[in-house]
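K.L.:
Dropping a prediction and its sequence here:
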Amino acid sequence: MRLNKIRKSQREQELYKKAQRRLNDILGKGLYKYIKGFVKKYPNLDESIRELPDLKELLGLKGINTSISVLKIIIAQEHDKIRFEQFKKTMNFRPGDNIEELVVKYVKAYGSGVDNFFPQFMKLINYINLQTVSVQNVKTMIQSELHKQKLKYFEKSLLQKETLNSVLENIDQMNGYEFEDFMKKVYEKLGYSVDQTPLSGDQGADLILKKPEEKIVVQLKRYKGKIGNKAVQEVFSAKSFYDASKAIVITNSRFTQSAIALANEIGVDLIDRDGVANILEKIDI
């Protein structure tokens, strides 16, 4: 059994080496635009696999002969690269951030959903050469920061004229259009110029948020049950349609694990009930 594992590992290493050589060939011939175009057209990695034979044939016509297995590795690496860049944007990452600053940004960005994006966070730490910080120490720092922010929000809620729970309960009683109007005002207080899309033919976006060099499409879901994949897919399409830099789904409810996985895969931000509460903390309700 151990020998079989060693042989399997050796085969995988050799396949990755082949993928790197073929990637160098693709780059050398100026054909990487087809890899980027493929990933943009098929943002879901699992669904894109069945389209790989067509990409293989196209590259063959361009002088690059390769296998489906090698192409799968190259495409997966491009997916990882896009997800990582989106993660850095969501984190508001800046060169020079130290580990303490990164933890604070991470918890503020993802709140109770930090566990879902922990591998990406560790990748960021390695990216900026902070490998000396152990995984366990990072987890401890995150839990400590979560506790600090929880206490901070608790303290603030005691002093607010209207508690967050009360506001969230009011949101639960709104219809979809009222929720749109409410969140429009929230984001205007956060400094965005906000456009509401038409009630029909909105192409998957309810709000378009604008700041200099930033354009975000938002789909809003005032709902009792959990939000599934459909909303994630729709707002991702809206991002392309409106030529936006970011896509977000916001709900007063929660997301299914499948929706969270898909959002992580294609670079869509999810803001659930806790995330809405975090946003409301930043403004005078």
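P.N.:
Noted; the coordinates are in hand.
K.L.:
Would you map the helices across the stretch 151-285 of the chain?
P.N.:
164-172, 176-189, 229-241, 257-266, 273-281 (DSSP state H, counting those that start in this stretch).
K.L.:
and of those helices, who's closest to residue 98?
P.N.:
When those are compared by C-beta to C-beta, helix 273-281 sits nearest residue 98, at 22.9 Å. All C-beta spots, glycine's among them, are computed from the backbone N, C-alpha and C.
K.L.:
where does residue 57 land on pLDDT?
P.N.:
For residue 57, the pLDDT comes out at 95.
K.L.:
Check which helix or strand it maps to.
P.N.:
Element membership of residue 57, judged by DSSP states H and E, is helix 52-61.
K.L.:
From the chain's centroid, how far away is that helix?
P.N.:
29 Å (C-alpha atoms, centre = their mean, to the nearest Å).
K.L.:
Tabulate the helices of the stretch 151-285 of the chain (TSV), appending mean pLDDT, mean neighbour count and distance to residue 151.
P.N.:
Output for the helices of the stretch 151-285 of the chain, formatted as TSV (pLDDT from 0 to 100; neighbours: other C-beta atoms under 10 Å; distance: least, C-beta to C-beta, whole Å):
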stretch	mean pLDDT	mean neighbour count	distance to residue 151
helix 164-172	83	14	14
helix 176-189	90	16	24
helix 229-241	93	20	32
helix 257-266	92	18	26
helix 273-281	87	18	13
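K.L.:
Please convert those to CSV, extending it with distance to residue 221.
P.N.:
Shown next, in CSV, are the helices of the stretch 151-285 of the chain (distance: least, C-beta to C-beta, whole Å):
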stretch, distance to residue 221
helix 164-172, 11
helix 176-189, 8
helix 229-241, 6
helix 257-266, 10
helix 273-281, 11
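K.L.:
Kindly state which of these is positioned closest to residue 86.
P.N.:
helix 257-266 (8.8 Å).
K.L.:
Could you name the helices and strands sitting against the closest one?
P.N.:
Under the contact criterion of 3 or more C-beta pairs under 8 Å, 6 or more residues apart in numbering; DSSP states H and E, helix 257-266 touches helix 68-91, helix 229-241, strand 269-271.
K.L.:
now these in CSV, with distance to residue 147?
P.N.:
Listed next are the helices and strands packed on helix 257-266 as CSV, based on distance: least, C-beta to C-beta, whole Å:
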stretch, distance to residue 147
helix 68-91, 20
helix 229-241, 30
strand 269-271, 21
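K.L.:
ranges for the helices of the stretch 1-150 of the chain?
P.N.:
Counting by DSSP H, counting those that start in this stretch, the helices of the stretch 1-150 of the chain are 2-28, 32-41, 45-48, 52-61, 68-91, 99-110, 118-127, 135-159.
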